[in-house]
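Colleague: only geometry, no sequence info:
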């Protein structure tokens, strides 16, 4: 009897210890993902919160390969576009699915700029312009990922050091990004960067969202609101003209809630240039604030975006071309995903009237963006 009692007591304690360890380690799971053509071993990190929401991140490009959000029935489904095979991220991610973008998100005219009197030529990868940091921007780089301990919520620390002259940019830039998944179903993204020479920096995240959870469906039925009274018109190569145009009375007015598809095919010169929406909105207010809301009526899914950046690039997925399978079957056709890329304005290094993107030695670039998910009856 004594021996049986002994084993019952200590066996029970041992079982409890295993359970405790599992819970403490269970909010971030690490697994093998694939090998890049350069021979880098890529890992996948899965963050989970108490509700069952999950975010999957790989250390190639800091890419978010999956993010789940609840529908009106409490079902969590993946709501970000992505590939079905690891090698497609490594070789063919011209869409920048889910990637961290740098050094400079968006476009720089004629792939050149002048900084402190010196001219710099950067990689020309978008017609005459440079886009998203060049052909081998941050979205193609191997990021060091550290699982942070003793944090309130599961958090990954991603680090990458860009060499002086990489893709033509001056200065060695050390970049750190934190992905945090909170218990109120929010993905928080915090950016930091430091340089040893004057340079320009514009970091962002390039996830495509489709709140229906079905990636063959277009996002034109999603209802969108953007807290911005002005946007930046562009020229034929998608570079801002310098004008800051009022959205009122144009298809670019999302100060009130409307479906993305309501005006997307309007007879408008700017929509024709972008083949839909692919423009920067000048956000109202300063500091960390709510800048956009998206609602999908059929599923009840709602996403609210917060940022301290001055602008957001709303892209309606116009150039998705059906070349790849989606994670839910079918193909990623045009407008089956949208992006809300929080950032500084495109071509800021060449446009003195725009907020500066210059970073000097001794300064620290810091910014934060939050994508918060919930279920709503409407977004009013």
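Modeller: Structure's in. What do you need? Computed from a prediction, not measured in an experiment: that's the story for all the values here.
Colleague: next structured bit after the helix or strand bottoming out on mean pLDDT in the chain?
Modeller: One helix or strand of the chain scores below all others by mean pLDDT, DSSP states H and E: helix 2-25, with a mean of 38. With elements assigned by DSSP states H and E, the helix or strand that comes after helix 2-25 is strand 28-35.
Colleague: so what are the sheet partners of that next one and their directions?
Modeller: Here strand 28-35 is paired, per DSSP bridges, with strand 41-48 (antiparallel).
Colleague: residues contacting the partner strand, please?
Modeller: Strand 41-48 has contacts (C-beta atoms under 8 Å, 6 or more residues apart in numbering) with 26-36, 54-60, 65, 86, 90, 142, 145, 147, 154, 156, 179, 181. To be clear about C-beta, it is placed using only N, CA and C from the backbone, and glycine gets the same treatment.
Colleague: list the contacts for the residue nearest to residue 228 when sequence neighbours are not counted?
Modeller: Once flanking residues are discounted, residue 228 sits nearest to residue 281: 3.8 Å by C-beta to C-beta, 6 or more residues apart in numbering. Residue 281 makes contact with 226, 228, 230, 231, 232, 247, 252, 254, 311, 312, 313, 314, according to C-beta under 8 Å, 6+ apart.
Colleague: contacts for the one helix or strand residue 224 maps to, please.
Modeller: Per DSSP H and E: residue 224 is located in strand 223-226. Here strand 223-226 makes contact (C-beta under 8 Å, 6+ apart) with 254-260, 281, 283, 291-297, 312, 314, 379.
Colleague: mind listing what the helix or strand just after that strand pairs with, with the direction of each?
Modeller: Where DSSP H and E defines the elements, the next helix or strand beyond strand 223-226 is strand 228-232. Within its sheet, strand 228-232 is paired with strand 245-246 (antiparallel), strand 278-283 (antiparallel), according to DSSP bridges.
Colleague: dump the ones you listed to CSV, plus mean pLDDT and distance to residue 270.
Modeller: Converted to CSV, the strands paired with strand 228-232 look like this (pLDDT from 0 to 100; distance: least, C-beta to C-beta, whole Å):
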stretch, mean pLDDT, distance to residue 270
strand 245-246, 98, 9
strand 278-283, 98, 7
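Colleague: re the thing from before, most surrounded residue in the contacts of residue 281?
Modeller: Greatest neighbour count in these, by other C-beta atoms under 10 Å, goes to residue 311: 28 neighbours.
Colleague: surely that one and residue 343 touch.
Modeller: Yes. At 5.7 Å, residue 311 and residue 343 qualify as touching, with contact defined as C-beta atoms under 8 Å.
Colleague: mutual contacts of these two, please.
Modeller: When contacts are counted by C-beta under 8 Å, 6+ apart, residue 311 and residue 343 are jointly contacted by residue 280.
Colleague: beta partners of the most centrally placed residue in the chain?
Modeller: In the chain, the C-alpha nearest the mean C-alpha coordinate belongs to residue 205, at 2.4 Å (C-alpha atoms, centre = their mean). Note on residue 205: beta-bridge partners residue 100, judged by DSSP bridges.
Colleague: look up how far residue 52 lies from it.
Modeller: As judged by C-beta to C-beta, to the nearest Å, residue 205 and residue 52 stand 23 Å apart.
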